[in-house]
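Undergrad: Build the 3D model from these lines:
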Amino acid sequence: MTDLNPAAGYIRVAPKPQADTSKLVEQQRREIERDATRRGYVVVHWYLDSGPELRCARQPDLRCLIDDSCSRTRPYLAIFVSSLSRLSRDAL
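TA: Sure thing, here's the model as predicted:
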């Protein structure tokens, strides 16, 4: 196999009262790593937002991900999430 391209992974967890947050994070991490490897990438940087009632304004790592992605020196070529719903939800 050739060298893998660098990528970022974004995990967002808004835990439910009875949920084990660490298991939710690890599940998303495994899904992202599996998909990235399958597509020829390796995750070199992780972003994680976790907490109740996460909305776009309260997702500091998502903001960092966007800023880093737009910088001239971005350290990766792709971004992986386990589901598009992890990026944001409607505020309605």
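
Undergrad: Summarise which helices and strands the helix-or-strand element of the chain with minimal mean pLDDT is packed against.
TA: Lowest by mean pLDDT, DSSP states H and E among the helices and strands of the chain is helix 60-70, with a mean of 89. On a contact count with 3 or more Cβ pairs under 8 Å, 6 or more residues apart in numbering; DSSP states H and E, helix 60-70 meets strand 5-13, strand 41-50. (Glycine included, C-beta is placed from N, CA and C.)

Undergrad: Residue 48 pairs with what?
TA: residue 11 (DSSP bridges).

Undergrad: what sits against it?
TA: By Cβ atoms under 8 Å, 6 or more residues apart in numbering, the contact set of residue 48 is 10-13, 25, 61.

Undergrad: Dump those residues into a markdown table; add distance to residue 42 as well.
TA: Below are the contacts of residue 48 laid out as a markdown table (distance: Cβ to Cβ, whole Å):
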| residue | distance to residue 42 |
| --- | --- |
| 10 | 15 |
| 11 | 16 |
| 12 | 21 |
| 13 | 22 |
| 25 | 19 |
| 61 | 19 |
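
Undergrad: which of those lies closest to residue 83?
TA: Within these, the smallest distance to residue 83 is 9.1 Å, found for residue 12 (Cβ to Cβ).

Undergrad: Isn't that closest one up against residue 50?
TA: Yes - using Cβ atoms under 8 Å, residue 12 makes contact with residue 50 at a distance of 7.5 Å.

Undergrad: Same drill for those two, tell me which one is more crowded.
TA: A count of neighbours by other Cβ atoms under 10 Å puts residue 12 above the other of residue 12 and residue 50, at 24 against 16.

Undergrad: before we move on, the earlier item: of the contacts of residue 48, keep whichever come out buried.
TA: 10-13, 25, 61 (16 or more other Cβ atoms under 10 Å).

Undergrad: sec struct for residue 27, please.
TA: Of the three states, residue 27 takes helix according to DSSP: H, G, I helix; E, B strand; the rest coil.
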